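Asker: predicted model, plus sequence, below.
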Amino acid sequence: MGDDCIRIPLTGRIDSNNAPAVEQEIQAELAGKGPLPVILDAEGLEYISSAGLRVLLRLKKTRPELTITGVSSQVYEVLETTGFTELLTVEKAYRTVSVKGCEVIGEGFNGKVYRLDQENVVKTYKDAEALPAIRHEREVARLALILGIPTAISYDVVRVGEGYGSVFELLEARSFAKILAEEPEKLDWCVRESVALLKKLHSTQVPEGKLPRRKEVLLSAARSIRSMLPEAPGEKLERMISAIPERDTMLHGDYHTKNIMLAGEEVLLIDMDTLSTGHPIFDLAQMYNSYLGFSEYDPGVVLRFQGFDRDTALRFWQRSLEAYFGAGDAQKPAAAERRIRCAAYTLLLDWSGDVLDLDTEEGQATLALWKRELLSLLETEDSLELELPGEE
């Protein structure tokens, strides 16, 4: 017991047979110790019944700052199912796994996905305090699955080094990036399957308020880069983004070949923490950056990130664009690409301080290239609306 809290261990089982005795022991520990926060150390707790839960409820009424730590997965499931994780501060005891020597099979802005064994993968998070992000991703992944989007649901949360990870069952899964790197002859198949999944995503209606709107991300980016642009183009860009039609259809937010998996014969989407709603241009701009934008100055960037060269990235992007908008009219994908690139360079300039070393000649040259391309596009484009398939 420290000076600023009262720590009480819970062990074994708490059920109807011993709940009254356990409650008496807890009250005896608290007697005369004042209104200090109480921590119940549940590392040794194997089981808790409804009688034990009632003990916690009564304790919570007198000790509002009640925390339960070291909770096993089995006990945590009981607390979560009964709603106690919403009533109390509950800290789970997470098993530890190592990703040393494990293959990276997926990667996004917020973390990496490693293969642990033939059946299981773990997504690690760059943020060491990632538990809220993990809970968010599990919730939106469940929503996507209910709405018909093929994805994997995390079945466990683990400790990985100083941070946390989500464990998924993905039997012998390979990313599309790995397939393209190892079997380039399957490029057209990868295009067909990834675009089919993307169109399914973009045609899926999301109930109001279930996911954030992506438009605000691009609008915020345009406002943050106003100082980089002359006044008139900066105003025009913000006006064009504001005019993008609102949609309640699903977006992934980080759609690229490292986040598209082939598990057995099923194509799945992973890394769902950026799931949102809005116009398809937001996903398409992110795709452009993943394949071409980031590597526009240094072609080696896409090889280091995706595992395939820039020529493959260019062909994959162009054929994906044709498949999405229709290859029958070559002008339609080309017109769409110009508008997509406006959005893409807006994001790149906004991220430049984080993704470029601006103290180097290469960083400055890359920044100048992105700025030059955006300004050139703003001279010819007056709208960011796209002629979407099925909406002609």
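Answerer: Alright, I've got the coordinates. As the structure is a computational prediction, the values presented were derived from the model and not from experiment.
Asker: that's a strand at Val157, yeah?
Answerer: Yes - counting by DSSP: H, G, I helix; E, B strand; the rest coil, Val157 falls inside a strand.
Asker: just the pLDDT for Gly390.
Answerer: Per-residue pLDDT puts Gly390 at 67.
Asker: got it, and Glu65?
Answerer: Per-residue confidence (pLDDT) for Glu65: 87.
Asker: run a quick neighbour tally on the residue nearest to it when sequence neighbours are not counted.
Answerer: Nearest residue to Glu65 in three dimensions, chain neighbours excluded: Pro37, at 3.8 Å (CB to CB, 6 or more residues apart in numbering). Where you see a C-beta, it was placed from the backbone N, CA and C, and this is true even at glycine. Close neighbours of Pro37, defined as other CB atoms under 10 Å, add up to 14.
Asker: contacts only, for Pro37.
Answerer: 4-6, 63, 65-67 (CB atoms under 8 Å, 6 or more residues apart in numbering).
Asker: could I get those as CSV with secondary structure, neighbour count and distance to Leu356?
Answerer: Listed next are the contacts of Pro37 as CSV, based on DSSP: H, G, I helix; E, B strand; the rest coil; neighbours: other CB atoms under 10 Å; distance: CB to CB, whole Å:
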residue, secondary structure, neighbour count, distance to Leu356
Asp4, coil, 7, 45
Cys5, coil, 14, 46
Ile6, strand, 18, 51
Arg63, coil, 17, 51
Glu65, coil, 13, 45
Leu66, strand, 19, 47
Thr67, strand, 16, 43
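Asker: let me know the closest of the residues you listed to Arg135.
Answerer: Set against Arg135, the nearest of the contacts of Pro37 by CB to CB is Thr67 (17.4 Å).
Asker: tell me the contacts of that closest one?
Answerer: Counting by CB under 8 Å, 6+ apart, Thr67 has contacts 37-40, 88-91.
Asker: my read: Leu10 touches Leu45, true?
Answerer: Yes - if you go by CB atoms under 8 Å, Leu10 and Leu45 touch, sitting 4.4 Å apart.
Asker: still on that earlier bit, which ones among the contacts of Thr67 lie within strands?
Answerer: 38-40, 89-91 (DSSP state E).
Asker: as CSV, these with pLDDT and distance to Gly165 would be great.
Answerer: CSV is the format used below for the ones in strands among the contacts of Thr67 (pLDDT from 0 to 100; distance: CB to CB, whole Å):
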residue, pLDDT, distance to Gly165
Val38, 92, 30
Ile39, 93, 25
Leu40, 94, 26
Thr89, 89, 22
Val90, 90, 19
Glu91, 86, 17
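Asker: so which of those comes closest to Arg226?
Answerer: Nearest member of those to Arg226, counting by CB to CB, is Thr89, at 42.2 Å.
Asker: just checking, the closest one touches Ile68?
Answerer: Yes - assessed by CB under 8 Å, Thr89 is found in contact with Ile68 at 7.2 Å.
Asker: now do the lowest-mean-pLDDT helix or strand in the chain: which elements does it pack against?
Answerer: Least confident helix or strand, the chain: strand 104-107 with a mean of 79, by mean pLDDT, DSSP states H and E. Under the contact criterion of 3 or more CB pairs under 8 Å, 6 or more residues apart in numbering; DSSP states H and E, strand 104-107 touches strand 111-115, strand 120-125, strand 174-175.
Asker: try it again at 10 Å.
Answerer: strand 111-115, strand 120-125, strand 174-175, helix 176-182, strand 260-263 (3 or more CB pairs under 10 Å, 6 or more residues apart in numbering; DSSP states H and E).
Asker: tabulate these (JSON lines), appending mean neighbour count.
Answerer: Converted to JSON lines, the helices and strands packed on strand 104-107 look like this (neighbours: other CB atoms under 10 Å):
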{"stretch": "strand 111-115", "mean neighbour count": "23"}
{"stretch": "strand 120-125", "mean neighbour count": "23"}
{"stretch": "strand 174-175", "mean neighbour count": "20"}
{"stretch": "helix 176-182", "mean neighbour count": "21"}
{"stretch": "strand 260-263", "mean neighbour count": "22"}
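Asker: so which of those is nearest Tyr297?
Answerer: The closest of the helices and strands packed on strand 104-107 to Tyr297 is helix 176-182. By CB to CB, the value is 21.1 Å.
Asker: which neighbouring elements make contact with the closest one?
Answerer: In terms of contacts (3+ CB pairs under 10 Å, 6+ apart), helix 176-182 is packed against strand 104-107, helix 187-202, strand 260-263, helix 300-306, helix 310-325.
Asker: please identify the deepest-packed of those.
Answerer: Neighbour counts averaged per stretch over the helices and strands packed on helix 176-182 are highest for strand 260-263, at a mean of 22; criterion: mean count of other CB atoms under 10 Å.
Asker: picking up where we left off before, and for Thr89 and Ile68, which residues touch both?
Answerer: Ile39 (CB atoms under 10 Å, 6 or more residues apart in numbering).
Asker: looking at these two, which is more packed in?
Answerer: Ile68 (24 against 12).
Asker: which residues does the more buried one bridge with?
Answerer: Counting by DSSP bridges, Ile68 is bridged to Leu40, Val90.
Asker: from here on, count from 8
Answerer: I'll keep to 8 as the first residue from here, and by that count the last item is Ile75.
Asker: so who does it touch?
Answerer: Residues counted as contacts of Ile75 (CB under 10 Å, 6+ apart) are 17, 45-49, 52, 55, 63, 82-83, 86, 91-92, 95-99.
Asker: try 7 Å
Answerer: In this structure, Ile75 makes contact with 47, 49, 95, 97-98, judged by CB atoms under 7 Å, 6 or more residues apart in numbering.
Asker: which among those end up buried?
Answerer: Those of those that meet the buried threshold are 47, 49, 95, 97-98, by 16 or more other CB atoms under 10 Å.
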